[in-house]
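Asker: here is a sequence with its predicted model. Questions after.
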Amino acid sequence: MPLKAAAHIEAMSAFALANFGGYDRPTLAQNESAFPPSPNAIAAGQDAIARSHLYPDPDWTVLREAIAQAYDVERGRILCGAGSMDLISGTIAAFAGPGDEVLATAYAYNFAASATARANAVYVKVAERDFAVSVDSILAAVTPATRIVFVCNPGNPTSTRIRNAELLRLRAALRGDVLLVIDQAYGEFDDQDPQPVFALVARGDTVVLRSLSKAYGLAGARVGWGLFPPEVAADVRKLQNSNQVTTPSLAMAVAAIEDQAYMRETVARTAAIRDRFAQDLRATGYGVPESWTNFVLIRFADAAAAAAADAALRDAGIIVRGLGGYGLTDCLRATVGPQDMMDRALRILTDQRAG
Ligand SMILES: Cc1ncc(COP(=O)(O)O)c(C=O)c1O
(Lines give C-alpha, C1' and ligand atoms only; values in the text may rest on other atoms or scores of the structure.)
Protein backbone atom coordinates (compact mmCIF):
# COMPACT_ATOMS: atom_id res chain seq x y z
CA MET A 1 0.00 0.00 0.00
CA PRO A 2 1.52 3.37 -0.98
CA LEU A 3 1.69 5.95 1.80
CA LYS A 4 -1.04 8.57 1.66
CA ALA A 5 -1.28 11.93 3.38
CA ALA A 6 -4.52 12.87 5.10
CA ALA A 7 -7.16 13.40 2.40
CA HIS A 8 -7.47 17.16 2.96
CA ILE A 9 -3.67 17.59 2.81
CA GLU A 10 -3.47 15.59 -0.41
CA ALA A 11 -6.19 17.75 -1.88
CA MET A 12 -4.63 21.10 -0.96
CA SER A 13 -2.23 22.97 -3.24
CA ALA A 14 1.16 24.08 -2.02
CA PHE A 15 1.48 27.79 -1.20
CA ALA A 16 2.70 29.45 -4.40
CA LEU A 17 5.83 31.53 -3.93
CA ALA A 18 7.17 33.80 -6.66
CA ASN A 19 8.83 32.07 -9.58
CA PHE A 20 12.18 33.81 -9.92
CA GLY A 21 14.78 31.08 -10.08
CA GLY A 22 16.97 31.82 -7.10
CA TYR A 23 17.28 33.64 -3.79
CA ASP A 24 20.73 35.08 -4.42
CA ARG A 25 19.73 38.34 -6.08
CA PRO A 26 17.25 41.13 -5.39
CA THR A 27 13.85 40.88 -7.03
CA LEU A 28 10.73 43.01 -7.06
CA ALA A 29 8.59 39.95 -6.47
CA GLN A 30 8.54 39.30 -2.74
CA ASN A 31 7.67 42.59 -1.02
CA GLU A 32 10.99 42.57 0.76
CA SER A 33 12.43 45.84 1.98
CA ALA A 34 14.57 47.83 -0.45
CA PHE A 35 16.82 48.64 2.50
CA PRO A 36 18.78 46.42 4.90
CA PRO A 37 17.77 46.22 8.55
CA SER A 38 18.97 48.76 11.14
CA PRO A 39 22.75 48.47 11.72
CA ASN A 40 21.87 47.91 15.39
CA ALA A 41 19.85 44.84 14.41
CA ILE A 42 22.71 43.45 12.33
CA ALA A 43 25.17 43.94 15.23
CA ALA A 44 22.76 42.38 17.74
CA GLY A 45 22.19 39.37 15.48
CA GLN A 46 25.92 38.85 15.03
CA ASP A 47 26.38 39.00 18.78
CA ALA A 48 23.57 36.54 19.43
CA ILE A 49 24.99 33.92 17.04
CA ALA A 50 27.59 33.15 19.73
CA ARG A 51 24.73 32.12 22.05
CA SER A 52 23.28 29.66 19.55
CA HIS A 53 24.10 26.65 21.74
CA LEU A 54 21.23 27.80 23.98
CA TYR A 55 17.54 27.52 23.11
CA PRO A 56 15.86 30.86 22.56
CA ASP A 57 13.46 32.30 25.14
CA PRO A 58 10.14 30.57 24.28
CA ASP A 59 8.21 33.49 25.76
CA TRP A 60 10.00 36.17 23.72
CA THR A 61 10.23 38.22 26.94
CA VAL A 62 12.59 40.96 25.79
CA LEU A 63 10.97 41.25 22.36
CA ARG A 64 7.49 41.55 23.85
CA GLU A 65 8.73 44.29 26.15
CA ALA A 66 10.28 46.18 23.22
CA ILE A 67 7.07 45.87 21.18
CA ALA A 68 4.93 46.97 24.14
CA GLN A 69 7.06 50.09 24.55
CA ALA A 70 7.30 50.99 20.87
CA TYR A 71 3.64 50.40 20.03
CA ASP A 72 2.10 51.38 23.36
CA VAL A 73 0.33 48.03 23.72
CA GLU A 74 -0.09 45.58 26.58
CA ARG A 75 2.83 43.20 26.81
CA GLY A 76 0.58 40.36 28.00
CA ARG A 77 -1.47 40.44 24.81
CA ILE A 78 1.51 39.89 22.51
CA LEU A 79 2.35 36.59 20.82
CA CYS A 80 5.36 36.28 18.54
CA GLY A 81 5.98 33.84 15.74
CA ALA A 82 8.32 32.80 12.95
CA GLY A 83 6.91 35.50 10.70
CA SER A 84 3.28 36.52 10.84
CA MET A 85 2.59 33.50 8.61
CA ASP A 86 3.17 31.38 11.71
CA LEU A 87 0.49 33.31 13.57
CA ILE A 88 -1.96 33.26 10.63
CA SER A 89 -1.56 29.52 10.44
CA GLY A 90 -1.91 28.94 14.19
CA THR A 91 -4.91 31.23 14.56
CA ILE A 92 -6.83 29.68 11.67
CA ALA A 93 -6.01 26.12 12.79
CA ALA A 94 -7.13 26.89 16.34
CA PHE A 95 -10.44 28.53 15.44
CA ALA A 96 -11.63 26.81 12.26
CA GLY A 97 -12.15 23.12 11.65
CA PRO A 98 -13.96 20.87 9.16
CA GLY A 99 -17.10 22.57 7.81
CA ASP A 100 -16.28 25.94 9.31
CA GLU A 101 -16.01 28.94 7.00
CA VAL A 102 -13.06 31.31 6.92
CA LEU A 103 -14.25 34.38 5.11
CA ALA A 104 -11.64 36.51 3.38
CA THR A 105 -11.71 39.24 0.80
CA ALA A 106 -10.98 38.34 -2.83
CA TYR A 107 -7.44 39.69 -2.75
CA ALA A 108 -6.54 38.89 0.85
CA TYR A 109 -3.04 37.47 1.31
CA ASN A 110 -3.24 34.00 -0.24
CA PHE A 111 -1.48 32.26 2.62
CA ALA A 112 -4.74 32.44 4.59
CA ALA A 113 -6.24 30.09 1.99
CA SER A 114 -3.43 27.57 2.56
CA ALA A 115 -3.83 27.82 6.32
CA THR A 116 -7.57 27.23 5.92
CA ALA A 117 -7.02 24.18 3.70
CA ARG A 118 -4.59 22.80 6.26
CA ALA A 119 -7.28 23.17 8.92
CA ASN A 120 -9.71 21.34 6.59
CA ALA A 121 -12.04 24.35 6.79
CA VAL A 122 -13.78 26.15 3.92
CA TYR A 123 -12.23 29.31 2.45
CA VAL A 124 -14.85 31.76 1.20
CA LYS A 125 -13.77 34.73 -0.93
CA VAL A 126 -15.78 37.94 -0.86
CA ALA A 127 -15.61 40.50 -3.68
CA GLU A 128 -13.66 43.70 -3.13
CA ARG A 129 -14.70 47.10 -4.47
CA ASP A 130 -12.21 49.03 -6.61
CA PHE A 131 -9.40 46.82 -5.29
CA ALA A 132 -10.24 47.66 -1.68
CA VAL A 133 -11.86 45.71 1.14
CA SER A 134 -15.65 46.19 1.22
CA VAL A 135 -17.12 45.86 4.69
CA ASP A 136 -20.64 45.65 3.24
CA SER A 137 -19.68 42.70 1.01
CA ILE A 138 -18.09 40.92 3.97
CA LEU A 139 -21.13 41.41 6.15
CA ALA A 140 -23.44 40.19 3.39
CA ALA A 141 -21.40 36.97 3.06
CA VAL A 142 -21.36 35.98 6.73
CA THR A 143 -23.27 32.72 7.39
CA PRO A 144 -23.94 30.70 10.54
CA ALA A 145 -20.87 28.62 9.56
CA THR A 146 -18.52 31.63 9.55
CA ARG A 147 -15.90 31.24 12.28
CA ILE A 148 -13.19 33.66 11.12
CA VAL A 149 -13.14 36.84 9.04
CA PHE A 150 -9.65 37.53 7.69
CA VAL A 151 -8.91 41.06 6.47
CA CYS A 152 -5.59 42.54 5.36
CA ASN A 153 -5.29 46.27 5.90
CA PRO A 154 -3.34 47.54 4.04
CA GLY A 155 -3.94 44.79 1.50
CA ASN A 156 -1.59 42.57 -0.46
CA PRO A 157 -1.60 42.45 -3.50
CA THR A 158 -3.88 45.49 -3.81
CA SER A 159 -1.73 47.91 -1.74
CA THR A 160 -4.89 49.81 -0.77
CA ARG A 161 -6.27 50.43 2.70
CA ILE A 162 -9.60 51.12 4.26
CA ARG A 163 -10.20 53.56 7.07
CA ASN A 164 -10.02 52.43 10.70
CA ALA A 165 -13.64 53.51 11.09
CA GLU A 166 -14.60 50.85 8.53
CA LEU A 167 -12.79 48.15 10.51
CA LEU A 168 -14.56 49.28 13.67
CA ARG A 169 -17.89 49.16 11.80
CA LEU A 170 -17.07 45.63 10.61
CA ARG A 171 -16.25 44.45 14.12
CA ALA A 172 -19.35 46.02 15.60
CA ALA A 173 -21.58 44.30 13.03
CA LEU A 174 -20.03 40.81 13.25
CA ARG A 175 -21.32 38.23 15.71
CA GLY A 176 -19.25 37.88 18.85
CA ASP A 177 -18.44 34.23 18.02
CA VAL A 178 -16.74 35.24 14.76
CA LEU A 179 -13.03 35.88 15.24
CA LEU A 180 -11.88 38.92 13.26
CA VAL A 181 -8.23 38.65 12.20
CA ILE A 182 -6.77 41.93 10.96
CA ASP A 183 -3.47 41.37 9.19
CA GLN A 184 -1.42 44.56 9.26
CA ALA A 185 1.87 43.28 7.84
CA TYR A 186 2.21 46.67 6.11
CA GLY A 187 0.78 48.66 9.03
CA GLU A 188 3.87 50.86 9.38
CA PHE A 189 3.25 52.19 5.85
CA ASP A 190 -0.26 53.35 6.77
CA ASP A 191 -0.48 56.84 8.28
CA GLN A 192 -3.58 56.07 10.35
CA ASP A 193 -3.32 55.95 14.15
CA PRO A 194 -3.03 52.21 14.94
CA GLN A 195 -4.54 52.52 18.43
CA PRO A 196 -8.27 52.26 17.55
CA VAL A 197 -7.60 48.95 15.79
CA PHE A 198 -5.29 47.65 18.53
CA ALA A 199 -8.02 48.55 21.05
CA LEU A 200 -10.42 46.07 19.37
CA VAL A 201 -8.37 43.23 20.85
CA ALA A 202 -9.67 44.07 24.33
CA ARG A 203 -13.17 42.99 23.19
CA GLY A 204 -11.96 39.37 23.22
CA ASP A 205 -12.95 38.54 19.64
CA THR A 206 -10.28 40.27 17.51
CA VAL A 207 -6.65 39.58 16.64
CA VAL A 208 -4.27 42.10 15.04
CA LEU A 209 -1.13 40.81 13.32
CA ARG A 210 2.09 42.63 12.48
CA SER A 211 5.33 41.66 10.75
CA LEU A 212 8.98 42.65 10.96
CA SER A 213 9.50 41.51 7.38
CA LYS A 214 8.46 44.73 5.70
CA ALA A 215 9.15 48.12 7.38
CA TYR A 216 11.92 46.65 9.55
CA GLY A 217 13.62 44.81 6.68
CA LEU A 218 13.81 41.50 8.55
CA ALA A 219 12.10 39.15 6.10
CA GLY A 220 15.01 36.72 6.38
CA ALA A 221 14.88 36.66 10.18
CA ARG A 222 11.22 35.45 10.20
CA VAL A 223 9.65 37.42 13.03
CA GLY A 224 6.02 38.47 13.37
CA TRP A 225 3.86 39.42 16.30
CA GLY A 226 0.24 39.94 17.10
CA LEU A 227 -2.14 41.22 19.73
CA PHE A 228 -4.41 38.49 21.03
CA PRO A 229 -7.12 38.27 23.67
CA PRO A 230 -5.66 36.01 26.42
CA GLU A 231 -8.15 33.15 25.84
CA VAL A 232 -7.47 33.19 22.11
CA ALA A 233 -3.71 33.36 22.69
CA ALA A 234 -3.82 30.32 24.96
CA ASP A 235 -5.30 28.16 22.19
CA VAL A 236 -3.03 29.52 19.44
CA ARG A 237 0.03 28.85 21.60
CA LYS A 238 -0.88 25.18 21.87
CA LEU A 239 -0.31 24.92 18.13
CA GLN A 240 2.91 26.92 17.92
CA ASN A 241 6.21 25.09 17.84
CA SER A 242 8.04 26.31 20.91
CA ASN A 243 11.34 28.15 20.44
CA GLN A 244 10.34 28.94 16.86
CA VAL A 245 11.91 32.41 16.79
CA THR A 246 15.66 31.78 16.83
CA THR A 247 18.11 33.47 19.20
CA PRO A 248 19.69 35.67 16.48
CA SER A 249 16.24 36.57 15.12
CA LEU A 250 14.99 37.58 18.56
CA ALA A 251 18.06 39.76 19.09
CA MET A 252 17.68 41.38 15.68
CA ALA A 253 13.99 41.99 16.20
CA VAL A 254 14.52 43.66 19.59
CA ALA A 255 17.21 45.98 18.21
CA ALA A 256 15.11 46.78 15.13
CA ILE A 257 12.02 47.61 17.18
CA GLU A 258 14.12 49.78 19.49
CA ASP A 259 15.40 51.72 16.47
CA GLN A 260 12.10 53.35 15.52
CA ALA A 261 13.91 56.27 13.85
CA TYR A 262 15.59 53.92 11.38
CA MET A 263 12.29 52.17 10.64
CA ARG A 264 10.53 55.49 10.01
CA GLU A 265 13.32 56.60 7.70
CA THR A 266 13.09 53.30 5.79
CA VAL A 267 9.34 53.78 5.40
CA ALA A 268 9.77 57.39 4.21
CA ARG A 269 12.52 56.51 1.72
CA THR A 270 10.50 53.55 0.41
CA ALA A 271 7.37 55.69 0.07
CA ALA A 272 9.30 58.36 -1.84
CA ILE A 273 10.59 55.84 -4.43
CA ARG A 274 7.16 54.20 -4.59
CA ASP A 275 5.20 57.39 -5.12
CA ARG A 276 7.47 58.62 -7.90
CA PHE A 277 7.33 55.24 -9.65
CA ALA A 278 3.53 55.15 -9.31
CA GLN A 279 3.12 58.69 -10.60
CA ASP A 280 5.37 58.04 -13.59
CA LEU A 281 3.43 54.87 -14.40
CA ARG A 282 0.12 56.73 -14.20
CA ALA A 283 1.51 59.45 -16.46
CA THR A 284 2.33 56.69 -18.97
CA GLY A 285 -1.27 55.49 -18.83
CA TYR A 286 -1.17 52.57 -16.38
CA GLY A 287 -3.73 52.16 -13.63
CA VAL A 288 -1.96 52.21 -10.25
CA PRO A 289 -4.03 52.37 -7.05
CA GLU A 290 -2.70 54.58 -4.25
CA SER A 291 -0.34 52.38 -2.23
CA TRP A 292 -0.01 52.18 1.56
CA THR A 293 2.61 49.43 1.38
CA ASN A 294 6.09 48.77 -0.02
CA PHE A 295 4.79 47.75 -3.45
CA VAL A 296 2.49 48.89 -6.22
CA LEU A 297 -0.21 47.12 -8.18
CA ILE A 298 0.07 47.83 -11.91
CA ARG A 299 -3.05 47.39 -14.03
CA PHE A 300 -2.63 46.64 -17.74
CA ALA A 301 -5.11 46.85 -20.62
CA ASP A 302 -5.50 43.06 -20.56
CA ALA A 303 -3.79 39.81 -19.57
CA ALA A 304 -1.73 39.73 -22.78
CA ALA A 305 -0.28 43.18 -22.06
CA ALA A 306 0.58 42.14 -18.51
CA ALA A 307 2.25 38.93 -19.73
CA ALA A 308 4.25 40.84 -22.36
CA ALA A 309 5.46 43.35 -19.76
CA ASP A 310 6.33 40.53 -17.35
CA ALA A 311 8.40 38.85 -20.07
CA ALA A 312 10.16 42.11 -21.04
CA LEU A 313 11.04 42.78 -17.39
CA ARG A 314 12.32 39.22 -16.94
CA ASP A 315 14.49 39.56 -20.05
CA ALA A 316 16.12 42.52 -18.31
CA GLY A 317 16.58 40.48 -15.12
CA ILE A 318 13.76 42.21 -13.23
CA ILE A 319 11.32 39.82 -11.64
CA VAL A 320 7.91 41.13 -10.56
CA ARG A 321 4.93 39.14 -9.32
CA GLY A 322 2.26 37.82 -11.64
CA LEU A 323 -1.14 37.67 -9.96
CA GLY A 324 -2.87 34.84 -11.81
CA GLY A 325 -3.34 33.07 -8.49
CA TYR A 326 -5.67 35.90 -7.46
CA GLY A 327 -7.45 35.92 -10.83
CA LEU A 328 -5.75 39.25 -11.61
CA THR A 329 -4.14 38.17 -14.87
CA ASP A 330 -4.21 41.78 -16.16
CA CYS A 331 -2.09 43.04 -13.23
CA LEU A 332 1.48 42.75 -11.99
CA ARG A 333 2.75 43.58 -8.53
CA ALA A 334 6.07 45.37 -8.22
CA THR A 335 7.83 45.66 -4.88
CA VAL A 336 9.66 48.93 -4.25
CA GLY A 337 13.33 48.14 -4.78
CA PRO A 338 16.50 50.17 -5.11
CA GLN A 339 16.00 53.38 -7.13
CA ASP A 340 18.13 52.22 -10.10
CA MET A 341 16.06 49.04 -10.44
CA MET A 342 12.83 51.04 -10.35
CA ASP A 343 14.20 53.39 -13.01
CA ARG A 344 15.02 50.44 -15.25
CA ALA A 345 11.60 48.88 -14.63
CA LEU A 346 9.92 52.19 -15.46
CA ARG A 347 11.80 52.51 -18.76
CA ILE A 348 10.77 48.99 -19.80
CA LEU A 349 7.13 49.57 -18.82
CA THR A 350 7.10 52.90 -20.66
CA ASP A 351 8.47 51.21 -23.79
CA GLN A 352 5.77 48.56 -23.48
CA ARG A 353 3.07 51.24 -23.56
CA ALA A 354 4.70 52.91 -26.56
CA GLY A 355 5.24 49.62 -28.40
C1 LIG B 1 -0.51 40.75 4.00
C2 LIG B 1 0.61 39.87 4.45
N3 LIG B 1 0.50 39.22 5.61
C4 LIG B 1 1.48 38.43 6.06
C5 LIG B 1 2.64 38.26 5.34
C6 LIG B 1 3.68 37.31 5.88
O7 LIG B 1 4.69 38.01 6.49
P8 LIG B 1 5.80 37.33 7.39
O9 LIG B 1 7.06 37.48 6.64
O10 LIG B 1 5.75 38.12 8.67
O11 LIG B 1 5.43 35.90 7.62
C12 LIG B 1 2.82 38.91 4.13
C13 LIG B 1 4.05 38.72 3.35
O14 LIG B 1 4.20 39.12 2.24
C15 LIG B 1 1.78 39.75 3.67
O16 LIG B 1 1.87 40.39 2.50
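Answerer: Structure received.
Asker: please enumerate residues in contact with stretch 65-83?
Answerer: Defining contact as Cβ atoms under 8 Å, 6 or more residues apart in numbering, one finds that stretch 65-83 is touched by 60, 63-64, 87, 90, 194-195, 198, 201, 210-211, 213, 222-230, 233, 236-237, 240-241, 244-245, 249, 253-254, 257-258, 260. Every residue, glycine included, has its C-beta placed from N, CA and C.
Asker: let's see which of these end up in strands.
Answerer: Assignment to strands by DSSP state E places the following of the contacts of stretch 65-83 there: R210, S211, G224, W225, G226, L227.
Asker: contacts with the ligand among those residues, please.
Answerer: S211, G224 (Cβ under 6 Å from any ligand atom).
Asker: what's the farthest-apart pair in the ones in strands among the contacts of stretch 65-83?
Answerer: With distance counted by Cβ to Cβ, no two of these lie farther apart than S211 and L227, which are 13.1 Å apart.
Asker: once you drop chain neighbours, what's closest to V336?
Answerer: Distances taken as Cβ to Cβ, 6 or more residues apart in numbering put R274 closest to V336, at 4.5 Å, once the chain neighbours are dropped.
Asker: surely that neighbour meets N294?
Answerer: Yes. At 7.0 Å, R274 and N294 qualify as touching, with contact defined as Cβ atoms under 8 Å.
Asker: could you name every residue contacting both of those two?
Answerer: Common neighbours of R274 and N294, counting by Cβ under 8 Å, 6+ apart, are V336.
Asker: pLDDT score assigned to the residue nearest to V336?
Answerer: The score at R274 is 98. That number is its pLDDT.
Asker: could you measure from R269 over to I257?
Answerer: To I257, R269 is 19 Å away according to Cβ to Cβ, to the nearest Å.
Asker: for these two, work out which one has more neighbours and name it.
Answerer: The residue with more neighbours, out of R269 and I257, is I257; 25 against 15, by other Cβ atoms under 10 Å.
Asker: which SS state does the closest residue to the more buried one other than its chain neighbours fall under?
Answerer: Nearest residue to I257 in three dimensions, chain neighbours excluded: A66, at 4.3 Å (Cβ to Cβ, 6+ apart). Assigned with DSSP: H, G, I helix; E, B strand; the rest coil, A66 falls in the helix class.
Asker: quick revisit: and R274 and N294? Which one has more around it.
Answerer: The neighbour comparison of R274 against N294 (other Cβ under 10 Å) goes to N294, with 30 against 24.
Asker: run through the residues that contact A115.
Answerer: I88, S89, I92, A93.
Asker: residues from the stretch 51-200 of the chain in reach of the ligand?
Answerer: Residues of the stretch 51-200 of the chain lying near the ligand by Cβ under 6 Å from any ligand atom: G83, S84, M85, Y109, C152, N156, D183, A185.
Asker: if we use 8 Å, what do you get?
Answerer: By the criterion of Cβ under 8 Å from any ligand atom, the positions of the stretch 51-200 of the chain lying close to the ligand are 81-86, 88, 108-109, 111, 152, 154-157, 183, 185-186.
Asker: ok, back up a step: ok, now how distant is the residue nearest to I257 from L346?
Answerer: Using Cβ to Cβ, which is the criterion applied here, A66 is 38 Å from L346.
Asker: more neighbours: which of these two?
Answerer: When neighbours are counted by other Cβ under 10 Å, A66 and L346 differ, and A66 comes out ahead with 21 against 16.
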